[in-house]
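S.K.: Here's my sequence, what's the structure:
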Amino acid sequence: MTKHTESLCHQAWFEQVEQQIVSGDGQGHGPDLGSMEWRSVVEFKLGIRGQAGLPAKDSQLWCDYIDSHYIENP
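M.R.: Residues are numbered from 1 along each chain as shown. You can find the predicted model right below:
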């Protein structure tokens, strides 16, 4: 039996990630949350950009991967 999980790729999750992995310059400049550019910056800040085995940035699996490996959930 598989467990159904809600998609993490939504605005509230992007905001949670942004609080932990700041993509901007601290002055309001940075990529739009959830965009492919933003996801690339998240990978860069985590030091995982370009690693083999990473899910595609435009997939639900990417959000699941980042959440399960790097995000501290309250």
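S.K.: Show me the helices in this structure, by range?
M.R.: Listed in chain order, the helices of the chain (DSSP state H) span 11-20, 36-46, 60-70.
S.K.: Name the stretch among those helices that sits most buried.
M.R.: helix 36-46 (a mean of 17; mean count of other CB atoms under 10 Å). Every residue, glycine included, has its C-beta placed from N, CA and C.
S.K.: Let me know the average pLDDT across that helix.
M.R.: The predicted model gives helix 36-46 an average pLDDT of 97.
S.K.: Which elements pack onto that helix?
M.R.: helix 60-70 (3 or more CB pairs under 8 Å, 6 or more residues apart in numbering; DSSP states H and E).
S.K.: Mind doing that once more with 10 Å?
M.R.: helix 11-20, helix 60-70 (3 or more CB pairs under 10 Å, 6 or more residues apart in numbering; DSSP states H and E).
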